[in-house]
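Participant: Quick one, what's the 3D model for this:
(one chain, ligands or ions: 1)
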Amino acid sequence: MPLMNESEISERLQSTSGWQRQGEQIVRLFTFGNFIQAMEFVNQVAEKAEAAGHHPDIDIRYNKVRLALSTHDAGGLTQRDFDLAASVDALLS
Ligand SMILES: C[C@H](O)[C@H](O)[C@H]1CNC2=NC(N)=NC(=O)C2=N1
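Facilitator: Sure, this is the predicted structure:
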């Protein structure tokens, strides 16, 4: 999977609301009512990630979940990151 160039990244970020670029990653913070809801979300993300063969870095702090996506073997951002971001967002709609 090829790395995306700067204009491709900017374009996809505009249609992936809530995600922000941080260097070679895209990140989003999700806030839930409590820890159990946060964990239920993380488990749904885990299923999506396994199905995609692509896995976010996950930081869980009580009711807040921070996901970070990057394509390690490509050394930066690829379509796979944005595809998984969209698939995660769809869990909440
Ligand atoms: C072999 C396996 O598909 C790779 O190691 C996958 C696993 N999950 C991954 N997840 C992420 N976020 N980036 C990767 O480069 C990656 N590589």
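Participant: Please name the residues that touch L84.
Facilitator: By C-beta atoms under 8 Å, 6 or more residues apart in numbering, the contact set of L84 is 48-49, 52, 54, 56, 69. Any C-beta I mention is one placed from the backbone N, CA and C, and that applies to glycine too.
Participant: Residue of the protein nearest the ligand, please.
Facilitator: Nearest to the ligand, among the residues of the chain, is H72, at 3.5 Å (C-beta to the nearest ligand atom).
Participant: How many residues are close by that residue?
Facilitator: 10 (other C-beta atoms under 10 Å).
Participant: Would the helix or strand harbouring S87 count as contacting the ligand?
Facilitator: Using DSSP states H and E, S87 sits in helix 79-91. No - using C-beta under 6 Å from any ligand atom, helix 79-91 stays clear of the ligand, with a minimum separation of 7.1 Å.
Participant: and that helix, average pLDDT?
Facilitator: Averaging pLDDT along helix 79-91 gives 97.
Participant: can you dump the C-alpha coordinates of that helix into CSV?
Facilitator: Provided in CSV are the C-alpha atoms of helix 79-91 (Å, rounded to 0.1, in the frame of the first residue of the first chain):
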residue,chain,number,x,y,z
GLN,A,79,-5.6,4.6,2.5
ARG,A,80,-5.8,1.8,5.0
ASP,A,81,-5.7,4.3,7.9
PHE,A,82,-8.5,6.4,6.5
ASP,A,83,-10.6,3.4,5.6
LEU,A,84,-10.3,2.1,9.2
ALA,A,85,-11.0,5.6,10.6
ALA,A,86,-14.2,5.7,8.5
SER,A,87,-15.2,2.2,9.6
VAL,A,88,-14.7,3.2,13.3
ASP,A,89,-16.7,6.4,12.8
ALA,A,90,-19.5,4.3,11.3
LEU,A,91,-19.8,2.4,14.6
